[in-house]
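Enquirer: Just need the structure, nothing else, for what follows:
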Amino acid sequence: MITIKKTKTSDELKGIVEKLSGADLSVCLQCRKCSSGCPVGKLTKSRPSEIMRRLHLGAGNELLESDILWMCVSCETCSARCPMGIDVAAVMDALRKLALARGASKQEGNVPLFNKAFLKTVQIFGRTYEIAMIVAYKLGTGKLMNDMGKFPTMLKKGKISLLPSLGGDRKTVRRIFKKAKQSKGAKV
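Expert: Numbering: from 1, shown residues only. Now for the predicted structure:
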């Protein structure tokens, strides 16, 4: 059973999310297609359709504590499956942004470490470089030797390369990171 505490900020949250995401939450049919296609939906306490429904019903800042905000891989499957054309992934992004801005984020486990390692490699190389990302992640967790048995197989099958790809537009990516860092202090 879902309990929603209606507060003064409830409608405000819905309005801010709609403004940030460009999505009209009132057209959601609750068909749950977003949740049925979500690759992490079964791993979280709340699925995308529940987040959409709770926003529609006027849920407040408690939504900013949802684990799915940090588990979402932004694959946009939810958005692609929505028969009403709602950009559910943009809604999740808006909620993540609000959670960070309001200090409500509860990133658990190694998700923040993984995100940081991933973004750092993209910033440096212009695209992800798996070896550097894995090294940064493993150093952060302190579990350097976990999963090492998989490395030779991944290398042999060409799933991972020893050298970074030079195909990314490093200047553009660095400019994006610089702009994001400058606007980081902007209030939501």
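Enquirer: residue closest to the middle of this structure?
Expert: Compute the mean C-alpha point of the chain, and by CA atoms, centre = their mean the closest residue is Cys72, 4.4 Å away.
Enquirer: right, and that one touches Met92 too?
Expert: Yes: Cys72 is within contact range of Met92, at 4.7 Å (criterion: CB atoms under 8 Å). In short, each C-beta sits where N, CA and C put it, glycine included.
Enquirer: Find the residues that touch each one of these two.
Expert: Listed as contacting both Cys72 and Met92 by CB atoms under 8 Å, 6 or more residues apart in numbering are Pro48.
Enquirer: Which segments of the protein make up each domain?
Expert: Each domain of the chain is listed here as a residue range: 8-101, 111-183, per automatic domain parsing.
Enquirer: and the first one, what's its mean pLDDT?
Expert: Averaged across domain 8-101, the pLDDT comes to 90.
Enquirer: What sits closest to Cys31 if chain neighbours are left out?
Expert: Nearest-residue entry for Cys31: Pro83, 6.4 Å, with adjacent residues in sequence omitted and distances by CB to CB, 6 or more residues apart in numbering.
Enquirer: Please read the previous query as pertaining to Ser21.
Expert: In space, and not counting its chain neighbours, Ser21 is closest to Ala90: 3.9 Å by CB to CB, 6+ apart.
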